[in-house]
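J.: Prediction below, plus the sequence it came from.
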Amino acid sequence: MTTERNGNIFNAGFALAIALVLSSIVIGWAYVHTKKSDQTITVTGSARKRIKSDLVVWRAGVSYQAYRATDAYKSLTDSVPRIK
């Protein structure tokens, strides 16, 4: 009876050891493959060199306040060509 019991304990211990090794391999593989997606380069908006570009999109707004709409419109029409 004791040899049969010792054999069962040995088999359970062996199965537990194999399960521990296999689970370590799976967890290690998952860790490595999830970390590969983190290998990115983040670029900030800082520059140390002056860059010449032949394409620029400028956006600007012009506003004027007056008591009458006609006065505000006249000031705007006078100001826009100077700003351009």
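T.: In hand now; what should we look at?
J.: Now Q65: closest residue in space that isn't a chain neighbour?
T.: Among residues not flanking Q65 along the chain, A72 sits closest, at 6.7 Å (Cβ to Cβ, 6 or more residues apart in numbering). Any C-beta I mention is one placed from the backbone N, CA and C, and that applies to glycine too.
J.: isn't the one you found right next to D78, touching?
T.: No. A72 lies out of contact with D78 (Cβ atoms under 8 Å); the separation is 10.9 Å.
J.: So which of the two has more stuff around it?
T.: Neighbours per residue (other Cβ atoms under 10 Å) separate A72 from D78, with A72 holding more: 14 against 10.
J.: Okay, now the unreliable bits of the chain?
T.: Judged against pLDDT under 70, the low-scoring parts of the chain cover residues 1-7, 35-51, 53.
J.: at 80 instead, please
T.: Judged by pLDDT under 80, the chain has its weakly predicted residues at 1-10, 33-66, 76, 79-80, 82-84.
J.: Point me to the helix or strand that includes the residue nearest to Q65.
T.: Using DSSP states H and E, the element containing A72 is helix 69-83.
J.: V26 now?
T.: Assigned by DSSP H and E, V26 falls in helix 2-36.
J.: can you check Y64 too?
T.: For Y64, there is no host helix or strand (DSSP H and E).
J.: measure it to K84 for me?
T.: For Y64, the distance to K84 (Cβ to Cβ, to the nearest Å) stands at 16 Å.
J.: swap in A19?
T.: From A19 over to K84 the distance is 76 Å, taken as Cβ to Cβ.
J.: ok, now T70?
T.: T70 is 22 Å from K84, by Cβ to Cβ.
J.: before we move on, what about N8?
T.: Counting by Cβ to Cβ, the separation of N8 from K84 is 91 Å.
J.: Who has more neighbours out of the two?
T.: N8 (10 against 7).
J.: Leaving out the residues flanking it, which one is nearest to S79?
T.: Of all residues not flanking S79 in the chain, V62 sits nearest, at 5.9 Å (Cβ to Cβ, 6+ apart).
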